[in-house]
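Enquirer: Build me a model:
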Amino acid sequence: MKNRKMFLQVLLAMALILSLVAPAAVAGASGAVRLPDNHADNTFLAADGSGPAWETALNTPEAEVNPMVAAGEYYTVGLKADGTVVAVGRSDFGQCDVGSWEDIIYGTAGSAHTVGLKDDGTVVAVGGGAYGQCDVGAWEDIIQVAAGWVHTVGLKDDGTVVAVGDNYNGQCDVGGWGGIVQVAAGSLYTVGLKSDGTVGTVGNNDGGQCNVGGWTDIAQVAAGKIHTVGLKSDGTVVAVGRNDGGQCNVGDWTDIAQVAAGGQYTVGLKSDGTVVAVGYNGNGQCDSGNWTNITQIAAGAGHAVGLKDDGTVVAVGHNYYGQCDVGDWNLVLALPPSQCVLTISSTAGGSITTPGEGTFSYDKGTAVDLVAEPEEGYWFTHWAGDLDTISDVTVATANITMDEPYAITANFESEAQEGQAGISAGDWIKIEYTISGWPAGQPHPEWLELEFITVEGTSASVEVTMGMSDGADQSDTVPVDLGEGGGEAFGLSGFVIPPNLGRGDSIYFSGYGDVTIEGETMRTYAGVRRRVVYASLSQSVPPESEVQLSYYWDKETGVMVEASTIWGDVTIMCKVTETNMLEADSPAVGVQWWLWVIIAAIIVAVAFAVYRLRKRKMSTAPARPPEGS
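Expert: Prediction:
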């Protein structure tokens, strides 16, 4: 009984491991629909009022290709303006092998198969095809496709529907459908939008995902794992099905232009180009609230993708297989291999005057000058983005060599905030000293505390308190210009410098002259990893030869966090041990959590095996002879 109990515990532990490491497969793309041309006014009718604009575009052979994105279970697909296709992420079944496709006008992604609609109405597919979900070679006159878990659906130009793949739940029983203007494929079911705005479904309905019989005035449908979403023509949204993650809580959405349904979450594109999302967010798949200028969205099992109006692509959520690595995509600019895309933008308060802002293409190896100019009342702080070839990100004039796609942003800050860099009244920092070679019997510093009493713009007053080894404390309040740097008390000079200085920048120190920042690095203070800049100082002090100092300042705030002084036989080291100012600058590097879980499971399994082996040996060992025999 005891062995049986332990065996059950091991099985439960392994079940937990599998549930965490290998989530259940779900339908990915849910048939992400290309946004209609006139989506800004939140209608889905073509200009002549005849029907959905996307249908009219697909049904026009000479229409240009509209770039779009689709999200599979663990991969992402992008359709370029030249009709070619790119893909990133998991490709164990070849679902990302789309590099040879041409003349594609629409694409969709399932669990492990990708489907492309060609401009002649035929269809191609790659990836897992064990259930026949890729057997679309004979299809003709198709105007839209949708990929489910292991089935594929095609909408024909006469409003009828075809389907191939797994049909255990009846998800392919669409032969009697007619008058359909859009299809969507969930995990084990299929949804069809009719021309009168009503909706029909076939397939598995365990979660109520097919309960759409009462829907009317629907303009677009999306199908997730076990929930269905409908966009109404007035911009509101309805949803049915499983709601364990809150994925159906869309009742208060308004002004929506497109919807996408993922594993356990729902994404909505608003007519102003922003995005809303609800549902399970364990992988950050709903963290799209800061997206802007989006023209189309797609939702996978645990990641969401957005296409921007400049052709670039953004993604959030699960990225174990690289399905969110779309930062170098530009689906509008279909460039030859010899060229690269440079995307340039700026924050409020200034602009990039050279070469301008927007999306540009350059031959590989081209050196591009960047010049950022602040508006009146602002100052340039730093470049952000792809900084591989920029030597100093804090200088407004930079140069970048185009050897791959880059996205660069110039950051500006109001002069009213210059130097403050997040410092507020009440912020404090405590530094502890380690001293060797100090004259015997003489009191020495043990700790120093800096507290910012007042902060107004770049002007601050700092109370400096020093604790001595004999128990005595001494305090002084000194003024500090946060924009210029400074601060002197008890022999400590320059405990604040301007924020965001970089290598090569100079700062004036009283008694030392101009001091040049030598570099920057990452260090830990009071348990927090921070980016710091550092410099060396020296000063002649008779009768000793000189004083050598090394300073480290927190890059973001400019506050000193570490220093060392060597003066003859005396060495003084000081470092921040307590503070309320610093937050984590970058995540700690360590082993992924799931590796620890797997390791723990292995340890449990090995321990159990050893236990069973020992019990077996004990049971087969010869009986011990009685005493005296």
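
Enquirer: So what's the residue count around residue 475?
Expert: Residue 475: 12 surrounding residues under other CB atoms under 10 Å. Where you see a C-beta, it was placed from the backbone N, CA and C, and this is true even at glycine.

Enquirer: For it, what are phi and psi?
Expert: Torsion angles at residue 475 (phi, psi; degrees, to the nearest 10) stand at phi -130, psi 150.

Enquirer: out of everything not next to it in sequence, what's closest to it?
Expert: Closest residue in space to residue 475, ignoring its immediate chain neighbours: residue 465 at 4.4 Å, by CB to CB, 6 or more residues apart in numbering.

Enquirer: mind checking the SS state of the one you found?
Expert: Put simply, residue 465 is strand when judged by DSSP: H, G, I helix; E, B strand; the rest coil.

Enquirer: Name the spans of this structure whose pLDDT lies under the cut-off.
Expert: Scanning the chain for pLDDT under 70 picks out the ranges 1-64, 334-337, 415-422, 490-492, 510-511, 539-545, 584-600, 607, 610-611, 613-629.

Enquirer: 50 - rerun?
Expert: For the chain, residues meeting the criterion pLDDT under 50 lie at 1-63, 417-420, 585-592, 624-625, 627-629.

Enquirer: follow-up on the earlier one: just give the number of residues close to the residue nearest to residue 475.
Expert: Neighbours of residue 465 using other CB under 10 Å come to 18.

Enquirer: Could you point out the bridge partners of residue 358 in the sheet?
Expert: Residue 358 has these beta-bridge partners by DSSP bridges: residue 344.

Enquirer: OK, contacts around it?
Expert: 310, 343, 344 (CB atoms under 8 Å, 6 or more residues apart in numbering).

Enquirer: Take these and write them to JSON lines, including neighbour count and distance to residue 261.
Expert: As requested, the contacts of residue 358 are arranged in JSON lines below (neighbours: other CB atoms under 10 Å; distance: CB to CB, whole Å):
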{"residue": "310", "neighbour count": "16", "distance to residue 261": "26"}
{"residue": "343", "neighbour count": "23", "distance to residue 261": "29"}
{"residue": "344", "neighbour count": "23", "distance to residue 261": "34"}
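
Enquirer: Among those, which one lies nearest to residue 517?
Expert: residue 344 (26.8 Å; CB to CB).

Enquirer: Can you verify my assumption that that closest one contacts residue 352?
Expert: Yes. With contact defined as CB atoms under 8 Å, residue 344 counts as touching residue 352 (5.3 Å).

Enquirer: returning to that earlier point: list the contacts of the residue nearest to residue 475.
Expert: If you count contacts by CB under 8 Å, 6+ apart, residue 465 has them with 448, 449, 451, 473, 474, 475.

Enquirer: any idea how far the last one is from residue 340?
Expert: Residue 475 sits 58 Å away from residue 340 when distances are taken as CB to CB, to the nearest Å.

Enquirer: the strands in the stretch 201-350 of the chain, which residues?
Expert: Under the criterion DSSP state E, counting those that start in this stretch, the stretch 201-350 of the chain contains strands at 218-223, 227-232, 237-241, 256-261, 265-270, 275-279, 294-299, 303-308, 313-317, 339-346, 350-354.

Enquirer: With distance to residue 363 as extra columns, can I get the ones you listed in a markdown table?
Expert: Formatted as a markdown table, these follow (distance: least, CB to CB, whole Å):
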| stretch | distance to residue 363 |
| --- | --- |
| strand 218-223 | 41 |
| strand 227-232 | 43 |
| strand 237-241 | 46 |
| strand 256-261 | 36 |
| strand 265-270 | 35 |
| strand 275-279 | 35 |
| strand 294-299 | 28 |
| strand 303-308 | 24 |
| strand 313-317 | 23 |
| strand 339-346 | 6 |
| strand 350-354 | 18 |
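
Enquirer: can you list residues touching both of residue 344 and residue 352?
Expert: Taking CB under 8 Å, 6+ apart as the contact rule, residue 344 and residue 352 both touch 370, 408, 410.

Enquirer: residues in contact with the second one?
Expert: When you say that, I think you mean residue 408. Counting by CB under 8 Å, 6+ apart, residue 408 touches 342-345, 352, 370, 383-387, 390, 400.

Enquirer: Mark which of these are buried, thanks.
Expert: For these, a burial check counting by 16 or more other CB atoms under 10 Å picks out 342, 343, 344, 345, 352, 370, 383, 385, 386, 390, 400.

Enquirer: looking at the sheet around the last one, what are its partners?
Expert: Right, the one you point to is residue 400. residue 368.

Enquirer: I'd say it and residue 393 touch.
Expert: No. Residue 400 is beyond contact range of residue 393, at 11.1 Å (criterion: CB under 8 Å).

Enquirer: anything in contact with each of the two?
Expert: Joint contacts of residue 400 and residue 393 (CB under 8 Å, 6+ apart) do not exist.

Enquirer: how close does residue 268 sit to residue 192?
Expert: Distance check for residue 268 against residue 192: by CB to CB, it reads 21 Å.

Enquirer: pretty sure residue 612 belongs to a helix, no?
Expert: Yes. Under three-state DSSP, residue 612 falls within a helix.

Enquirer: who's in contact with the spatially most central residue of the chain?
Expert: With distances taken as CA atoms, centre = their mean, residue 316 lies nearest the centre of the chain, 4.4 Å away. The contact partners of residue 316, taken as CB under 8 Å, 6+ apart, are 284, 285, 286, 287, 288, 303, 304, 324.

Enquirer: Please report the distance of the second one from residue 561.
Expert: When distances are taken as CB to CB, residue 285 and residue 561 turn out to be 37 Å apart.

Enquirer: Comparing these two, which shows the higher neighbour count?
Expert: residue 285 (28 against 25).

Enquirer: For that one, which non-adjacent residue is closest in space?
Expert: Take residue 285 and drop its neighbours on the chain: the residue closest to it by CB to CB, 6+ apart is residue 317, 3.3 Å away.

Enquirer: who does the one you found bridge with?
Expert: On the basis of DSSP bridges, residue 317 is bridged to residue 303.

Enquirer: For it, give me its contacts.
Expert: By CB under 8 Å, 6+ apart, the residues touching residue 317 are 283, 284, 285, 287, 300, 302, 303, 304, 324.
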